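Q: quick one: sequence plus predicted model below, questions after.
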Amino acid sequence: MAKRNEEEFAVGDDAFMDTIANLVGIMIILVVIVGSKGFDAARTLAREEVQDQMEQLSTPTAKAENLDRDVDEQIDQLQQYEVETAYRNAERMTLVDQKTLIDQEIQKRLEQLDARAKRAFEVDAQVGALERQFEELTKQQGELPEVQKSVIALQHLPTPMAKTVFGKELHVMIRDHQLSVIPWDTLVDLLKSSARSTASRNSQRDKFEDVLGPIDGFLMRYRLISKSGLMSDGRVAAMGKMVELERFELEETRDVLRESVEASLAQKGRLRAELDATRSNHTTVTVWVYPESFNEFRKLKELLYKEGCLCAARPLPRDMRIGASPQGSSSTAQ
């Protein structure tokens with residue numbers, strides 16, 4: 001009886017365990033089925049979320065690309081503005097240079113006008129004083145006995161209004177009552193050709209001198225100066241360095257040909273040969289004359305007047321050399 005009960009109890013335990021195992025298997029299957037469906041749903045939801053995020057990001061990306069293009073365009077415009085600004089600055093510097101030159105010319109002319117006005121005032125004062133003296137002398141003359149009046153004959157050469165010389169100019173020197181023809185153009189041409197080499201040899205100096213000649217008995221001593229400053233070629237202004245002539249002087253040697261005024265204008269004279277070679281309607285004879293030779297100058301002027309030539313005088317003190325500079329004045333012919 002007891003053994004039978006034990007067998008029945010053992011059979012009941014096996015059936016219970018089978019039932020439990022079946023339930024666990026069913027639950028596992030249910031969990032797998034539910035998990036697979038949940039995974040698919042989650043994957044679908046994740047895809048939809050990613051798609052939404054991508055759609056949301058596409059708009060800022062397009063905006064960023066547009067901003068990049070705008071920035072590139074603005075950079076190009078800024079570069080163009082910089083080029084335009086540099087060009088305008090160059091134009092401004094050119095205008096400043098032109099204005100400076102015009103101001104200097106205006107100031108120079110104002111100074112000349114001031115000097116002329118001062119001279120005119122002095123002349124007017126002298127004329128007034130002379131008129132008063134003349135009136136006093138006229139009054140005194142009525143009280144003096146009449147005297148024999150001597151007639152004084154004055155030689156008169158018609159003198160046209162003086163004008164500045166701009167055409168062909170022939171230079172002569174009258175010294176110690178003798179006339180010499182100056183090879184002016186030849187020396188000036190030689191100066192132009194040799195000044196460049198002289199400047200290159202003395203490029204590190206601010207001022208330098210050299211000697212040319214002699215030509216026909218005349219030496220030329222000239223001085224060049226080096227300047228630094230703002231320079232312009234009409235388009236661009238920049239700092240630079242240039243060399244210019246300060247002054248040149250002519251020195252006589254023992255080989256200078258000297259003639260009297262009459263001999264120089266004679267058929268075989270030196271001045272006659274130069275006049276025949278260079279004479280035109282625009283040729284002027286510039287005479288560098290020293291104090292002891294004023295009589296010879298007047299004689300030369302009279303002879304040149306008969307020849308129909310213009311004459312310009314350049315009086316010099318006894319100890320001064322003939323010379324010229326860029327700041328000097330042009331000859332004035334009559």
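A: Cool, the structure landed. Numbering: from 1, shown residues only.

Q: tell me the pLDDT at Leu110?
A: On the pLDDT scale, Leu110 is placed at 75.

Q: number of residues surrounding it?
A: 10 (other C-beta atoms under 10 Å). C-beta coordinates here come from the backbone N, C-alpha and C atoms, glycine included.

Q: where's it, which helix or strand?
A: helix 2-143 (DSSP states H and E).

Q: centre of the chain versus that helix, how much separation?
A: What separates the centre of helix 2-143 from the centre of its chain is 39 Å, taken as C-alpha atoms, centre = their mean, to the nearest Å.

Q: remind me what it packs against, helices and strands.
A: Contacts defined by 3 or more C-beta pairs under 8 Å, 6 or more residues apart in numbering; DSSP states H and E place helix 2-143 against strand 218-232, strand 237-252.

Q: do me a favour and average the pLDDT over stretch 316-326.
A: 86.

Q: can I get it as PDB, trimmed to CA atoms?
A: This file holds the C-alpha atoms of stretch 316-326, laid out as PDB (Å, rounded to 0.1, in the frame of the first residue of the first chain):
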ATOM      1  CA  LEU A 316      79.400 141.800 -64.100                       C
ATOM      2  CA  PRO A 317      81.600 143.100 -61.300                       C
ATOM      3  CA  ARG A 318      85.300 142.900 -62.000                       C
ATOM      4  CA  ASP A 319      86.000 139.800 -59.800                       C
ATOM      5  CA  MET A 320      82.900 137.800 -60.800                       C
ATOM      6  CA  ARG A 321      83.000 134.900 -63.300                       C
ATOM      7  CA  ILE A 322      80.500 134.300 -66.000                       C
ATOM      8  CA  GLY A 323      78.000 131.700 -64.800                       C
ATOM      9  CA  ALA A 324      74.400 130.400 -64.700                       C
ATOM     10  CA  SER A 325      72.100 128.300 -62.500                       C
ATOM     11  CA  PRO A 326      68.500 126.800 -62.800                       C
END
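
Q: and for that stretch, what's in contact with it?
A: Among residues not part of stretch 316-326, those counted as contacts by C-beta atoms under 8 Å, 6 or more residues apart in numbering are 171, 173, 182, 244-251, 288-292, 314.

Q: strands of the stretch 151-300 of the chain, residue ranges please.
A: 163-164, 169-175, 178-181, 207-215, 218-232, 237-252, 284-289 (DSSP state E, counting those that start in this stretch).

Q: out of those, which comes closest to Lys268?
A: strand 178-181 (13.3 Å; C-beta to C-beta).

Q: any stretches of the chain with poor pLDDT?
A: 1-13, 58, 138-167, 199-200, 202-204, 228-241, 243, 279-282, 328-334 (pLDDT under 70).

Q: next, count neighbours for the closest residue to Lys227 other than its chain neighbours.
A: Closest residue to Lys227 apart from its sequence neighbours, by C-beta to C-beta, 6 or more residues apart in numbering: Met242 at 5.8 Å. Using other C-beta under 10 Å, Met242 has 11 other residues around it.

Q: ok, Met242 touching Ser226?
A: Yes - with contact defined as C-beta atoms under 8 Å, Met242 reaches Ser226; the gap is 7.4 Å.

Q: state the distance from Arg92 to Val50.
A: From Arg92 across to Val50, the span is 61 Å (C-beta to C-beta, to the nearest Å).

Q: if you could redo that for Lys268, that was the one I meant.
A: The value you get for Lys268 to Val50, if C-beta to C-beta is used, is 118 Å.

Q: then Trp288?
A: Relative to Val50, and taking C-beta to C-beta, Trp288 is found at 105 Å.

Q: check Ala129 too.
A: 115 Å.

Q: check Arg196 too.
A: For Arg196 relative to Val50 (C-beta to C-beta), the value is 82 Å.

Q: likewise for Ala15?
A: 52 Å.

Q: how many residues are close by Leu179?
A: 27.

Q: what bridges to it?
A: Ile174, Glu259 (DSSP bridges).

Q: okay, the strands of the stretch 151-300 of the chain in JSON lines with distance to Leu57 next?
A: Converted to JSON lines, the strands of the stretch 151-300 of the chain look like this (distance: least, C-beta to C-beta, whole Å):
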{"stretch": "strand 163-164", "distance to Leu57": "86"}
{"stretch": "strand 169-175", "distance to Leu57": "89"}
{"stretch": "strand 178-181", "distance to Leu57": "99"}
{"stretch": "strand 207-215", "distance to Leu57": "77"}
{"stretch": "strand 218-232", "distance to Leu57": "58"}
{"stretch": "strand 237-252", "distance to Leu57": "55"}
{"stretch": "strand 284-289", "distance to Leu57": "92"}
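
Q: nothing else from me, thank you.
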